[in-house]
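Peer 1: Okay, sequence plus prediction incoming.
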Amino acid sequence: MGDDAVNLAAVWVAATEELANETLSPQQQAWLRLTRPLALVEDTAFIAAPNPFTRDAIESRLRPAITEALSRRLGRTIQLAVAVQPSDDPDQVAGDPGATLPPTAPDFRAAAPDYRGPASDYPPAPPDYRPDGSDYRPEGVEFRPEPAEYRPESNDFAPDRRGYQSDGPDYRPDAPDYRPDAAGYRHDGRDYPADTRDYRPIPGGYRPTPGDYPPPAQDRTEPDDYRRATEPDGQLPLGIPAPQLPGLDIPTASRAASPPRRTAPTVTGPAGAPPQRAGDDPGAEPVRPPAAARPDRGHRLGSEGTGRGDSASPVRPGGQLRDYTGRGADAVSRLNPKYTFETFVIGSSNRFAHAAAIAVAESPAKAYNPLFVYGGSGLGKTHLLHAIGHYAASLGNARSVRYVSTEEFTNDFINSLRDDKMQAFQRRYRDADILLIDDIQFLERAERTQEEFFHTFNTLHNANKQIVITSDRSPKQLSTLEDRLRTRFEWGLLADIQPPDLETRIAILQKKAAHERLYAPLDVLEFIASRIQNSIRELEGALIRVTAFASLNRAAVDLGLAEEVLRDLIPDGAGPEINSEQIMELTCDYFGVSIDDLRGHSRSRVLVNARQVAMYLCRELTDLSLPRIGQAFGGRDHTTVMHADRKIRRQMAERRTLYNQIAELTNRIKQQEP
Ligand SMILES: Nc1ncnc2c1ncn2[C@@H]1O[C@H](COP(=O)(O)OP(=O)(O)OP(=O)(O)O)[C@@H](O)[C@H]1O
């Protein structure tokens, strides 16, 4: 042990004691107790966690507190890398659960289908769980257990359908196309070369260890280009050389590090789509859900509703609905086809929530029920919700998946009461195998709807149906919600999403650019990502503005241009909060129209343009949901707002005047005095 390691051991004890006394919850303390310090290399402290679950918990919840405490004690900024190293102490994973599991952790053991005896006191693996290959694959020996075989001695029980993820070839016991030989994999009719052995044709995407680039398929994803570009020859992303630490798998450890982490986030790629998803076949016929699966006609929001984030684009004949034929997906009708696990970029800020979401889609009502995902606006909660629906449906795990925003639920309830159609209402929500309900914070203001939701929740839960809820706050902070609801929300698993770190923001921009076919070089993406930190929606908006400006001026997208476009943008979070009234007032002022006109129904060109611009700005600059923006504009339907938002985004790259109007208005709005 070098000086630094000795140093770390002493500092670690002091720092963790201090944390335990001051700030940590019992659950967090328990997680901390499961870790041990390994070494200090330059400014990075390496610690070991006994399993990926603990690693993820440390990374997503405890990192800032730990790095702060260590930095304070060592007098310089310390980063943290968490490696998974199963402990030699059997009790750590298989012994007294009280001593090893976080005391307040949700009781996985009772609920998990994979619970088998004492050693599985170990929580069922989130889907990312990859026991260290050395545990159970002795060199050169191919270990091929029966599907889901449980081997108590190795602690690497992997309950998910994918079987084991080792550092070697991906063992997938139930995959017929597994070929553990040098010829690589055959999957979905395609051959993947041996050197892509880490390729996992599942939503977890690629493993960012060096050399695990995706197969040379046509759908290789951009974020891997990023990794390639920034990770030459042992360089970790952003050009920082990897430290060498004897006995520690640096790629693994560094992969676990997070901000200001030097690793590229794990990035899902289109090639990592769930197997056999017919929707990926361009020739596949889009499926129109049977009428019974569609909401009744006449419900204002229920008919083709959505919450936020374009979250449930209506199904249109010939639309992009994925084909889940024969996979029990007749009711995925309201899911946005763009919001899947493949298009979701994973970083430490959302890894925990992502893992929980996959677990829920793979084992509805068995892993965590309810799953409660919370976090700030524009951080991907709606995206995850839809992704659960798609993935569960593609696996055939749910006959019916119902996505609904809380506002739609409320409106649907009110309309059903008024029209005396409560039975149909109850059937709609209580017959779902998976109910995905977005933005539950809006239930706070609606007492009767709370009551109705309470019964819906109970019915579903009692019938072993999965419920997934999102909110901008944790259940505890939903202070005006009835206690009985809040406590129910805490029955399952709480997973928060934090603002993404820089690397994740860059990867998201890359994915978005690739998806929308927008060209922007890496330095431009890095620049945009460094300017906008708190909302992915705003991040995407900035990319669209930069590329639109370049297209209008027939100029190349480069750093100078990006700086010019974003010059006047105040970094997000720095300015005063913006609301819809301010946007509407300033827009009226700019176009010389009145607020009544803006809210009214005139279809004159000037008014339609002003209205759509104002709606777009509300969408981009505030946290308001589509229905709420619709309300601000004289009670318009959320689909009108969605249409305006899309239209302005599209036309900005084609109409210079429009681009200028938006740029000018944004400046005025952002620079307004509070
Ligand atoms: N990790 C991610 N990877 C790729 N895209 C993401 C990610 N997180 C968010 N996005 C994108 O950012 C946008 C906003 O996300 P989303 O609507 O899911 O946020 P939200 O948390 O539900 O926000 P709100 O609370 O305002 O409804 C969407 O276009 C979504 O696809």
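Peer 2: Yep, that arrived.
Peer 1: So for stretch 441-457, mean pLDDT?
Peer 2: Mean per-residue pLDDT for stretch 441-457: 91.
Peer 1: So what touches that stretch?
Peer 2: Surrounding stretch 441-457, the residues in contact under the criterion Cβ atoms under 8 Å, 6 or more residues apart in numbering are 370, 405-407, 409-410, 413-414, 426, 429-430, 435, 437, 467, 471-473, 478-482, 484-485, 488, 625. To be clear about C-beta, it is placed using only N, CA and C from the backbone, and glycine gets the same treatment.
Peer 1: Check I469 and give its pLDDT.
Peer 2: Looking at I469, its pLDDT is 97.
Peer 1: Do I have it right that it meets D439?
Peer 2: No: if you go by Cβ atoms under 8 Å, I469 and D439 don't touch, sitting 9.2 Å apart.
Peer 1: if we can go back for a sec, buried by neighbour count, from the contacts of stretch 441-457: which ones?
Peer 2: Among the contacts of stretch 441-457, those that count as buried by neighbour count (16 or more other Cβ atoms under 10 Å) are 370, 405-407, 409-410, 413-414, 426, 429-430, 435, 437, 467, 471-473, 478, 481-482, 485, 488, 625.
Peer 1: tell me which parts of this protein are close to the ligand?
Peer 2: Contact residues (Cβ under 6 Å from any ligand atom) of the chain with the ligand: 308-309, 339, 343-345, 350, 377-383, 439, 472, 508, 511, 536-537, 540, 623.
Peer 1: Return a ChimeraX selection command for the buried portion of those.
Peer 2: A single ChimeraX command selects the buried members of the residues of the chain next to the ligand (16+ other Cβ under 10 Å):
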select :308,309,339,343,344,345,350,377,378,379,380,381,382,383,439,472,508,511,536,537,540,623
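Peer 1: so of the residues of the chain next to the ligand, which ones are in strands?
Peer 2: Of the residues of the chain next to the ligand, none are assigned to strands by DSSP state E.
Peer 1: Which of the residues of the chain next to the ligand fall in helices?
Peer 2: Judged by DSSP state H, helices contain the following of these: K381, T382, H383, I508, K511, I536, R537, E540.
Peer 1: Could you single out the nearest of those residues to R668?
Peer 2: Nearest to R668 out of these is R537 (Cβ to Cβ; 20.4 Å).
Peer 1: List the residues that contact the nearest residue to R655 once chain neighbours are set aside.
Peer 2: Leaving out its chain neighbours, the residue that sits closest to R655 by Cβ to Cβ, 6 or more residues apart in numbering is L552, at 8.0 Å. L552 is in contact with A653, E654, R655, R656, Y659, counting by Cβ under 8 Å, 6+ apart.
Peer 1: Can you lay out the residues you listed as TSV showing secondary structure and neighbour count?
Peer 2: TSV is the format used below for those (DSSP: H, G, I helix; E, B strand; the rest coil; neighbours: other Cβ atoms under 10 Å):
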residue	secondary structure	neighbour count
A653	coil	18
E654	coil	11
R655	coil	16
R656	helix	14
Y659	helix	21
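Peer 1: And for R567, the neighbour number?
Peer 2: Neighbourhood size, R567 [other Cβ atoms under 10 Å]: 9.
Peer 1: Please read the previous query as pertaining to A614.
Peer 2: Look at A614: counted by other Cβ under 10 Å, it has 27 neighbours.
Peer 1: you'd agree it is up against T587?
Peer 2: Yes: the pair A614 / T587 is scored as a contact, 4.1 Å apart, by Cβ under 8 Å.
Peer 1: Overlap of the contact sets of the two?
Peer 2: By Cβ under 8 Å, 6+ apart, A614 and T587 have these common neighbours: L598.
Peer 1: sorry, back to before: now, the most widely separated pair of the contacts of L552?
Peer 2: Farthest-apart pair in those is A653 and R656; separation 9.8 Å (Cβ to Cβ).
Peer 1: how many other residues sit next to E444?
Peer 2: Neighbours of E444 (other Cβ under 10 Å): 17.
Peer 1: what's the spacing between it and E581?
Peer 2: Distance, E444 to E581, by Cβ to Cβ, to the nearest Å: 21 Å.
Peer 1: ditto for I506
Peer 2: From I506 over to E581 the distance is 35 Å, taken as Cβ to Cβ.
Peer 1: Could you do D439 as well?
Peer 2: Separation of D439 from E581 (Cβ to Cβ) stands at 21 Å.
Peer 1: now do D496
Peer 2: 30 Å.
Peer 1: and after the helix or strand hosting I47, which helix or strand comes next?
Peer 2: Per DSSP states H and E: I47 is located in strand 44-49. Going down the chain from strand 44-49, the next helix or strand is helix 52-57, by DSSP H and E.
Peer 1: Can you tell me which helices and strands that following helix packs against?
Peer 2: Secondary-structure packing of helix 52-57 (3 or more Cβ pairs under 8 Å, 6 or more residues apart in numbering; DSSP states H and E): strand 79-84, helix 351-362.
Peer 1: Which of those has the lowest mean pLDDT?
Peer 2: Mean pLDDT across the helices and strands packed on helix 52-57 is lowest at strand 79-84; the value there is a mean of 77.
Peer 1: Let me know the angle separating it from strand 44-49.
Peer 2: Strand 79-84 runs at 30 degrees relative to strand 44-49, counting by axes from the mean of the first three to the mean of the last three Cα atoms, to 10 degrees.
Peer 1: Rounded mean pLDDT for stretch 37-51, please.
Peer 2: On average, the pLDDT along stretch 37-51 is 78.
Peer 1: Same question for stretch 638-645.
Peer 2: Averaging pLDDT along stretch 638-645 gives 88.
Peer 1: Ok, stretch 665-674 next?
Peer 2: If you average the pLDDT values across stretch 665-674, you get 79.
Peer 1: Could you list the low-pLDDT ranges of the stretch 301-450 of the chain?
Peer 2: Counting by pLDDT under 70, the stretch 301-450 of the chain has low-confidence residues at 301-333.
Peer 1: If we use 90, what do you get?
Peer 2: Where the stretch 301-450 of the chain drops to pLDDT under 90, the residues are 301-338, 348, 366-368, 377-378, 396-399, 443-447.
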